[in-house]
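S.K.: the following block contains a protein sequence and its predicted model.
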Amino acid sequence: MMLQDGSTQILCLTAQSGVPLFSRGASKQLPFSVIGSLNGVHMFGDGQGVALSGCQTDCGGRVVWRVFHDSVMLIAVNGGHRSGGVVQGHVKGEELFLERLLENVWNCMVLVLGRDELTGMKNVERLKKDLRSCFGLIDQLLEDGHRGVMGNLTHCADCLLPPDPALVQEAVDGFTRSVDSEFGCLVVRGRIAAATEKWWRLAPQEVVLLSALMRTLSASGSASCDYPVFLPQGSPTVAHRLLRFQLLPGADVCVLCGPAPTLHKAQSDLVRQFWSPLAETLRDCLAVGERCLPAAVILRAPEILALLVVNREARRSVSCVRAGADDSPALPSRPRCWELLRLFYVFAVTRYFGQEEAPAPGAPAEEGADSRSGASGDFVAGLSHQPLQCYLVTEECKCYGLQTPQHQLFLLCPLSVPTFALRNVATQTLSAVTADTGF
Amino acid sequence: MAQDLQPGSIIIPDWHQCAESKDFFSRILYKKKRKQFGLLESPAMAPQAAVDTVQYKVFLSGKNGVGKTSLAARLAGLRIPSMHYETTGIETIVLYWPVKLRESGRVLFFRLQLWDCGENALRRFDHLLPSCKEQVDAVLFLFSFTDRTSFDDLPNQIARWSGPSDRVVKMVVGTKFDLFMHSDVTQREVRQFQETQGLPVLCTGGEVSDGLGDVANFLNGLAERLWHQDCMAATLDRRPTQCREGALI
């Protein structure tokens, strides 16, 4: 593979004619001949009535193909050697990662351009130009993994639990009503701190994608935005307006609304009215920081390197890494912890837990995708029961996974924690996170 | 009219270098960098030294890739994006800039909200341009020195804004001025353009250094014209200029 170690590249071509539309990721682009061959081999299979979905190279590189609506083909190419003893040679896991990525990239394209624009394909040159407007968001997805965002992988929205949830909830509800909308959400440090009930009823992928968009917009430092967005599942052909306001640096509120009110009006009349009284509450939310959990949640800090708690029903998650003050250099670095957490998540859900993707209420699930990525391989199929807990000891850390009907917990502990104590730490952590917060 | 305005005739041009301005400029700085203000924030002065704030809406107009987003980021002291991404909707940036009026010696905080919208988005979605035009106070027409067509397109851009509501400050901005090696537009052409259109032309580009000096000229020029326009309007229909001064927390 002509890619750097571990880097992932996304290729986009027209499904009918194989004309390259764009490629993202990896600083060094694959040569045209390789792109052509990747398309060719898929086309060959197609001609034989075989759908080629993925393959693996000798040195660990992986390719995943997917055609969307008979119009656009997306190919994800991974250079292999994704550092991580956990999943090395773990085919299913890597594929899940790439499949999710392709689905997210397609959803990005729909979000910005609308489905009609992508499937109509009247003028390829024009489409090529228009697709450039998706690059910001696609690049954000490719980089998100480095910033401690799990939603692209879990399809559960990354959340931050505010110290005073009732207050912010009330403000979000009120503000959303005031702009004649039912869809509103407060994002603190790139994670959802509160959202209206309807917001949570959007398809999980949409919630995750909108969060990614908010992170992109917030990172640019802009004060407010009026963005036309198509909802990949809820409204792929009619654009809504996403109004976003930066209340404080790092704290943004957004609403999905119709033609009224204008950005100018909403900003000058409504933002202050609803949010000025909450400036201090918002600062408290910001203070929660990367821990994502309010101070009231007490963790056995030295024993926890990283944790991810998924609320399976609500499709939300909270995660944090090295929340304790222990900065011992012997422990894996923060970015490494995030990577290990992602790897362990993929490992656990593909091998043991399975991931029933709750179909989005009111929206048809993407055809076939969920059942395929939900398959947890032959291993689980051979089991007569559903595993509830799993653990894994690696050279860098010890991992423990735990699932209840309501939650899943993925926990990384330092090697110093005795293996027999892992279960104890895990159950205590899960109840510490969920008991008082109602998460 | 704005073009008759002599630079520095209304506000003191190099005020950011004076010692007495330090207290004011320190309010828009944090760790020697420009401070970012959320919508709920504004520069806080001591109660006895409270200063009025005047708000203006400025729209950035120009072809794809001329650097509208970069100019907004540069003026606000934000990180200038290293890669060009199309802006797929309206994005606004708020910046605060203290100025001292020459005549009265009064100090004001200008709160400029820069409205930036990608050309493709404007074309695809009809509601965006009216939203940008709503109660706008100034339009900056951008062209890039490295893109000839963006310069040739200027008359079209300007024509879009010649309406009955002429109470809008219009300025032309040439971006990527530093890339003179690749310049597609000559200085003489710019001068000629300036004479025929009667609009002031400012140039920006190059590395961003410590913040204030880079943008002081630009922001003072813009602030001066905005203030002048308000004064003219006030004398014409006795509309008090104070109506802009909102109470800010």
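M.R.: All right, it came through fine.
S.K.: for the rest of this, base every contact and every neighbour count on C-alpha atoms.
M.R.: Fine.
S.K.: and the longest helix for chain A?
M.R.: Using DSSP state H, we find that the single longest helix of chain A is helix A:91-113.
S.K.: what does chain B give?
M.R.: Per DSSP H, chain B has its longest helix at helix B:212-237.
S.K.: buried ones in it, by neighbour count?
M.R.: By neighbour count on 16 or more other Cα atoms under 10 Å in any protein chain shown, the buried set for helix B:212-237 is B:212, B:214-230, B:232.
S.K.: so where's the chain shaky on pLDDT?
M.R.: In the absence of a named chain, chain A is used. A:1-6, A:80-93, A:144-146, A:323-327, A:355-383 (pLDDT under 70).
S.K.: I was thinking of chain B, sorry if that wasn't clear
M.R.: Residues of chain B that meet the cut-off, pLDDT under 70, sit at B:1-4, B:163-166, B:208-211, B:237-249.
S.K.: ranges for the helices of it?
M.R.: Going by DSSP H, chain B shows helices at B:22-25, B:68-76, B:119-124, B:128-133, B:148-152, B:154-159, B:187-197, B:212-237.
S.K.: so can I have a markdown table of those helices showing distance to chain A?
M.R.: What follows is those, written out as a markdown table (distance: least, Cα to the nearest Cα, whole Å):
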| stretch | distance to chain A |
| --- | --- |
| helix B:22-25 | 20 |
| helix B:68-76 | 8 |
| helix B:119-124 | 8 |
| helix B:128-133 | 6 |
| helix B:148-152 | 17 |
| helix B:154-159 | 21 |
| helix B:187-197 | 30 |
| helix B:212-237 | 18 |
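S.K.: state the distance from residue A:286 to residue A:218.
M.R.: Remark: distance between residue A:286 and residue A:218 (Cα to Cα, to the nearest Å) = 14 Å.
S.K.: overlap of the contact sets of the two?
M.R.: Counting by Cα atoms under 8 Å, 6 or more residues apart in numbering or on different chains, the residues touching both residue A:286 and residue A:218 are residue A:250.
S.K.: show me which of the two is the more surrounded one.
M.R.: residue A:218 (24 against 20; other Cα atoms under 10 Å in any protein chain shown).
S.K.: helix A:91-113 and the helix or strand where the more buried one lies, what's the angle between them?
M.R.: Assessed by DSSP states H and E, residue A:218 sits inside helix A:204-219. Helix A:204-219 runs at 70 degrees relative to helix A:91-113, counting by axes from the mean of the first three to the mean of the last three Cα atoms, to 10 degrees.
S.K.: residue with max distance from the center of chain B?
M.R.: Outermost residue of chain B with respect to the C-alpha centroid, by Cα atoms, centre = their mean, is residue B:48; its distance is 29.6 Å.
S.K.: which parts of chain A sit against chain B?
M.R.: A:112, A:130, A:132-133, A:135-136, A:220-228, A:245-249, A:259, A:262-264, A:271-272, A:275-276, A:279 (Cα under 8 Å from any Cα of the partner chain).
S.K.: buried among those residues? Need that as a selection in PyMOL.
M.R.: The following PyMOL command selects only the buried members of the residues of chain A next to chain B, with burial defined by 16+ other Cα under 10 Å:
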select buried, chain A and resi 112+130+132+133+135+136+220+221+222+223+224+225+226+227+228+245+246+247+248+249+262+263+264+271+272+275+276
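S.K.: returning to what we had before: other residues contacting the helix holding residue A:218?
M.R.: A:104, A:107-108, A:136-137, A:140-141, A:151-152, A:155-158, A:187, A:189-192, A:199-200, A:225, A:231-233, A:244, A:246, A:249-250, A:252, A:315, A:360.
S.K.: now list the buried members of those.
M.R.: Buried among those by 16+ other Cα under 10 Å: A:104, A:107-108, A:136-137, A:141, A:151-152, A:155-158, A:187, A:189-192, A:199-200, A:225, A:231-233, A:244, A:246, A:249-250, A:252, A:315, A:360.
S.K.: so which of those sit within helices?
M.R.: Using DSSP H, A:104, A:107, A:108, A:136, A:137, A:141, A:151, A:152, A:199, A:200 are the members of these that sit in helices.
S.K.: mind listing what the last one touches?
M.R.: Okay, so that is residue A:200. By Cα under 8 Å, 6+ apart, the contact list for residue A:200 reads A:207, A:314.
S.K.: in the helix or strand hosting residue A:119, which residues are buried?
M.R.: Taking DSSP H and E as the criterion, residue A:119 maps to helix A:115-120. Buried residues in helix A:115-120, counting neighbours by 16+ other Cα under 10 Å, are found at A:115, A:117, A:118.
S.K.: and for stretch A:291-299?
M.R.: A:291, A:292, A:293, A:294, A:297, A:299.
S.K.: got TSV for those residues, with secondary structure too?
M.R.: Converted to TSV, the buried residues of stretch A:291-299 look like this (DSSP: H, G, I helix; E, B strand; the rest coil):
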residue	secondary structure
A:291	helix
A:292	coil
A:293	coil
A:294	coil
A:297	coil
A:299	coil
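S.K.: which strand or helix spans residue A:139?
M.R.: helix A:135-144.
S.K.: how far off centre is that helix?
M.R.: Averaging C-alpha positions (Cα atoms, centre = their mean, to the nearest Å) puts helix A:135-144 11 Å from its chain's average.
S.K.: what's the angle between that helix and helix A:91-113?
M.R.: Helix A:135-144 runs at 150 degrees relative to helix A:91-113, counting by the same axes, to 10 degrees.
S.K.: which strands and helices sit next to helix A:135-144?
M.R.: strand A:20-24, helix A:91-113, helix A:204-219 (3 or more Cα pairs under 8 Å, 6 or more residues apart in numbering or on different chains; DSSP states H and E).
S.K.: just the CA coordinates for that helix, please, in PDB.
M.R.: This file holds the C-alpha atoms of helix A:135-144, laid out as PDB (Å, rounded to 0.1, in the frame of the first residue of the first chain):
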ATOM      1  CA  PHE A 135     -14.300  18.800   2.700                       C
ATOM      2  CA  GLY A 136     -14.300  20.800   5.900                       C
ATOM      3  CA  LEU A 137     -16.700  18.400   7.600                       C
ATOM      4  CA  ILE A 138     -15.200  15.200   6.100                       C
ATOM      5  CA  ASP A 139     -11.700  16.200   7.300                       C
ATOM      6  CA  GLN A 140     -13.200  16.900  10.700                       C
ATOM      7  CA  LEU A 141     -14.500  13.300  10.700                       C
ATOM      8  CA  LEU A 142     -11.100  11.900   9.800                       C
ATOM      9  CA  GLU A 143      -9.500  13.900  12.600                       C
ATOM     10  CA  ASP A 144     -12.100  13.500  15.200                       C
END
